[in-house]
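S.K.: this one's sequence-less:
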Ligand code: 5GP
């Protein structure tokens, strides 16, 4: 799947749309989800143009991958959700119902998050 340069996170990265930024470094940006599903709901994204985790895991540099993983830990500690627990999640593709075609990892915390998935 080709990268869509008009997706909403691309527009945030270009400064065309605002975001509530919580962390930024050379390769990674983290900001609050516009429709939070938990008291802490933060999106961690690479600044590079990657459609999803499949694209990122194949094509990102080691520096970009390290930056993203380090950012997740940093943001979780800064949010104070480490002791009580938190969840990270990345949706890829149709079955996972990925909505925004720019790779992002959700960080959820601040409440009991329930089971990982509900059974059908
Ligand atoms: P996905 O289903 O692709 O894993 O999740 C996309 C997430 O992006 C959703 O949780 C949605 O609320 C969030 N989102 C969509 N548009 C915007 C936006 O313009 N700003 C922010 N901060 N989050 C957004």
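M.R.: Cool, the structure landed. Predicted model only: the values in this text are computed from it and were never measured.

S.K.: could you use CA atoms for every contact and neighbour count after this?
M.R.: Will do.

S.K.: am I right that residue 41 is in a strand?
M.R.: Yes. Assessed with DSSP: H, G, I helix; E, B strand; the rest coil, residue 41 lies in a strand.

S.K.: report the beta-bridge partners for the spatially closest residue to it that is not a sequence neighbour.
M.R.: Nearest in space to residue 41, with sequence neighbours left out and distances taken as CA to CA, 6 or more residues apart in numbering, is residue 108 at 4.7 Å. Beta-bridge partners recorded for residue 108 (DSSP bridges): residue 41, residue 87.

S.K.: my read is that residue 108 contacts residue 40, right?
M.R.: Yes. Using CA atoms under 8 Å, residue 108 is in contact with residue 40, at 5.4 Å.

S.K.: looking at the two, which one has more neighbours?
M.R.: Taking other CA atoms under 10 Å, residue 108 and residue 40 do not tie; residue 108 has more neighbours (24 against 20).

S.K.: how about the more buried one, what does it touch?
M.R.: The contact partners of residue 108, by CA atoms under 8 Å, 6 or more residues apart in numbering, come to 37-42, 86-88.

S.K.: swap the cut-off to 10 Å and go again
M.R.: 33, 36-43, 76, 81, 85-89 (CA atoms under 10 Å, 6 or more residues apart in numbering).

S.K.: mind giving me the packing neighbours of the lengthiest helix in the chain?
M.R.: What stands out as the longest helix in the chain, according to DSSP state H, is helix 62-79. Judged by 3 or more CA pairs under 10 Å, 6 or more residues apart in numbering; DSSP states H and E, the packing partners of helix 62-79 are strand 21-24, strand 28-32, strand 40-46, helix 53-59, strand 86-89, strand 105-109.

S.K.: so which bits of the protein are right by the ligand?
M.R.: When proximity is defined as CA under 6 Å from any ligand atom, the chain approaches the ligand at 8, 19, 32-35, 90-91, 97-100.

S.K.: and the furthest pair within those?
M.R.: Pairwise distances among the residues of the chain next to the ligand were taken by CA to CA; the largest, 22.4 Å, belongs to 19 and 97.
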